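**Student:** Return a 3D structure for these sequence lines:
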Amino acid sequence: MSGLVWVDTKTFRIQRIEGTPTKKPSWWLKNLDITLQYTDLDGLWLPTYMKTTAVVRLVGNYLLTGETVGLQFSASEH
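**Tutor:** Residues are numbered from 1 along each chain as shown. Alright, predicted model coming up:
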């Protein structure tokens with residue numbers, strides 16, 4: 001991937017990644033831009049936001065997003 005990475009200076013955890021793949025994943029994709037964002041959720045470092053934009057040959061522009069990732073624990077009986 002070619003792009004930028006934001007890193008927390010205190011924890012050295014990756015906070016955000018933006019870029020494009022250095023090798024095209026498919027002939028069908030003319031352009032692909034990826035954004036990933038990470039957050040601490042109850043002590044777990046997880047991706048909480050994702051956005052991908054693609055220009056697909058013969059079809060056009062597409063946008064894929066994933067937002068509002070949450071964490072829910074369920075009580076288990078032992």
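
**Student:** Give me the most central residue, the chain.
**Tutor:** The centre of the chain sits closest to Leu36, judged by C-alpha atoms, centre = their mean, with a distance of 2.6 Å.

**Student:** Now for that one, which secondary structure element holds it?
**Tutor:** strand 29-41 (DSSP states H and E).

**Student:** on that earlier part again, for the residue nearest to the centre of the chain, list the residues it contacts.
**Tutor:** Neighbour list for Leu36: Arg16, Ile17, Glu18, Pro47, Tyr49, Met50 [criterion: C-beta atoms under 8 Å, 6 or more residues apart in numbering]. Using the backbone N, CA and C atoms, a C-beta is placed for each residue, glycine as well.

**Student:** from those, which is closest to Val59?
**Tutor:** Nearest to Val59 among the contacts of Leu36 is Met50, at 20.9 Å by C-beta to C-beta.

**Student:** tell me which element the closest one is part of?
**Tutor:** strand 44-56.

**Student:** Run through who's touching the very next helix or strand once past that strand.
**Tutor:** Downstream of strand 44-56, the next assigned helix or strand under DSSP H and E is strand 60-66. Identification of contacts with strand 60-66 by C-beta under 8 Å, 6+ apart yields Tyr49, Met50, Lys51, Thr52, Thr53, Ala54, Val55, Val56.

**Student:** again, but for stretch 21-28
**Tutor:** With C-beta under 8 Å, 6+ apart, stretch 21-28 has contacts from Met1, Ser2, Leu32, Ile34, Val56, Arg57.

**Student:** Could you give the separation between the terminal residues of it?
**Tutor:** End-to-end distance for stretch 21-28: 14 Å, by C-alpha to C-alpha, to the nearest Å.

**Student:** list the buried ones in it?
**Tutor:** Of the residues in stretch 21-28, none count as buried by neighbour count, 16 or more other C-beta atoms under 10 Å.
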